[in-house]
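Enquirer: take a look and give me a structure for this.
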Amino acid sequence: MGLYLHVPFCLKKCPYCDFYSLPLAPGLAEDYTGALLRALRWPGMEALSFDTVYFGGGTPYLLGPERIARLLDALGAKILPGAQITLEANPTDVTAGGLALLRRSGVDRLSMGMQSADEGELAALGRRHTAGEAARAVQLAAEAGFEDLSLDVMLATPGQTRQSLGRTLEFAAALPVSHLSAYLLKIEEGTPFARQHAERLCPGEEETAGLYLFAVRRLEELGFRQYEISNFARNGHVSRHNLKYWRGEEYLGLGPGAHSFLAGRRFFFPRDLAAFLAAEEPFSLAVPDGAGGTLQEAVMLGLRLSEGIDPAALEKRFSAGMAGLRARAGDLCAHGLARWQGGRLALTPEGFLLSNAAIAYLLETLPDPPAAPEG
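Expert: Just a heads-up that it's a prediction; the model follows:
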């Protein structure tokens, strides 16, 4: 299964971000590492092994390469040979020495939040780096031995145009990176962007759709194949950990705000750093979040992927009729929102833009999911 370790610290919170993160006060990094180590000593961990490990945040690099190395060392043989180990970082935080230590400790994939190569757009997003600093960080990572490098790019941000987005994509593709995540900006309730009504500075709905479709096509031309709504890879360098989410595979998440899917059940840790630090047995904090692994989930998550779903396989697995879904899939195909390929149903890029509505239309044909188990 996959292991996700949430590191909820940032030097500065971006005005669009609603992930759980807090300022990194003195001593917190060491205290938090201790809390994660306690969680890793949970008796239930003895039977688990991991073929992906993902340090997310926040800004996991701020925990410090030495502490990341300690956590990986504590996992030891629970990390299977050939596992993909990813860490997120911001361009201004990395150093040559820190990256070299991470690579020696087993981290083999780095994901950095570039967001844009346009200085005006970076300023509007509240980012702390320049485009040049992002490029330098990528070069340092490559020199440290990282061959699997990913950059985040944001779409439909304040002031963005098709021309500026094109320059950003070309800038990123010219760097030694193997993966790009291109996310549409969403103004989340409670964020500074929401309070400032930043949507008034963003492209309109039609222009946003055009920017997304332009990004999909331009990235294909630049050698990045789309494999998920917002993710693109060169030469098969996909995020194996994130694929577990979309393919309905098991994963364990540790840290405040982290979610898990184990043995058909979902649970999460509350967004409460103080409680997580104080808990002698962190799993006592876990909150049940209902049943997982349902037919509805398999359809909903699978249709986020360019590979789509196999209705015949789902029919056998869940003993559920799919005739209604197939009929409605025909409607989506007729409107250019979906396609059949080798017996699999997948959304097109145009369908991805309307994925919530398209998937809801298909889910209406399926039987009600089973009730969540007790406990």
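
Enquirer: what distance separates the start and the end of stretch 4-22?
Expert: Taking C-alpha to C-alpha, to the nearest Å, the first and last residues of stretch 4-22 lie 18 Å apart.

Enquirer: cool, stretch 261-281 as well?
Expert: End to end - C-alpha to C-alpha - stretch 261-281 spans 19 Å.

Enquirer: quick one, helices of the stretch 1-150 of the chain?
Expert: Using DSSP state H, counting those that start in this stretch, the helices found in the stretch 1-150 of the chain span residues 28-40, 65-75, 96-105, 119-124, 131-143.

Enquirer: please state the offset of the second one from the chain centre?
Expert: Per C-alpha atoms, centre = their mean, to the nearest Å, the displacement of helix 65-75 from the mean C-alpha position of its chain is 22 Å.

Enquirer: what's it in contact with?
Expert: Contact with helix 65-75 is made by 3, 5, 29-30, 33, 36-37, 40, 50, 53, 55, 60, 79, 85, 87, 97-99, 101-102, 104-107, as judged by C-beta atoms under 8 Å, 6 or more residues apart in numbering. Just so you know, the C-beta spots here come from the backbone N, C-alpha and C atoms, and that holds for glycine as well.

Enquirer: so which residue is smack in the middle of the chain?
Expert: What sits nearest the mean C-alpha location of the chain, by C-alpha atoms, centre = their mean, is Asn242, with 5.9 Å.

Enquirer: now do the SS call for it.
Expert: helix (DSSP: H, G, I helix; E, B strand; the rest coil).

Enquirer: that one and Thr86: what is the separation?
Expert: Per C-beta to C-beta, to the nearest Å, Asn242 is found 9 Å from Thr86.

Enquirer: shared neighbours of the two, which are they?
Expert: Joint contacts of Asn242 and Thr86 (C-beta under 8 Å, 6+ apart) are Tyr54.

Enquirer: partners of the strand ranked longest in the chain in the sheet?
Expert: When the chain is parsed with DSSP state E, its longest strand is strand 79-89. Looking at strand 79-89 with DSSP bridges, its partner strands are strand 50-57 (parallel), strand 109-115 (parallel).

Enquirer: which of those strands sits closest to Glu221?
Expert: strand 109-115 (19.4 Å; C-beta to C-beta).

Enquirer: check Leu102 and give its pLDDT.
Expert: On the pLDDT scale, Leu102 is placed at 98.

Enquirer: now do the contacts for it.
Expert: 65, 68-69, 87, 110, 144.

Enquirer: quick check: the farthest pair among the residues you listed?
Expert: Greatest spacing in the contacts of Leu102, by C-beta to C-beta: Ala69 and Leu110 (14.8 Å).

Enquirer: more crowded one of the two?
Expert: Just comparing Ala69 and Leu110: by other C-beta atoms under 10 Å the higher neighbour count belongs to Leu110, 29 against 16.

Enquirer: distance of that one from Ala182?
Expert: Distance, Leu110 to Ala182, using C-beta to C-beta: 18 Å.

Enquirer: and what of Leu345?
Expert: Using C-beta to C-beta, Leu345 is found at 23 Å from Ala182.

Enquirer: same check, this time on Thr208
Expert: Separation of Thr208 from Ala182 (C-beta to C-beta) stands at 12 Å.

Enquirer: quick one: average confidence on the helix or strand containing Glu206?
Expert: Taking DSSP states H and E as the criterion, Glu206 maps to helix 205-221. Averaged across helix 205-221, the pLDDT comes to 97.
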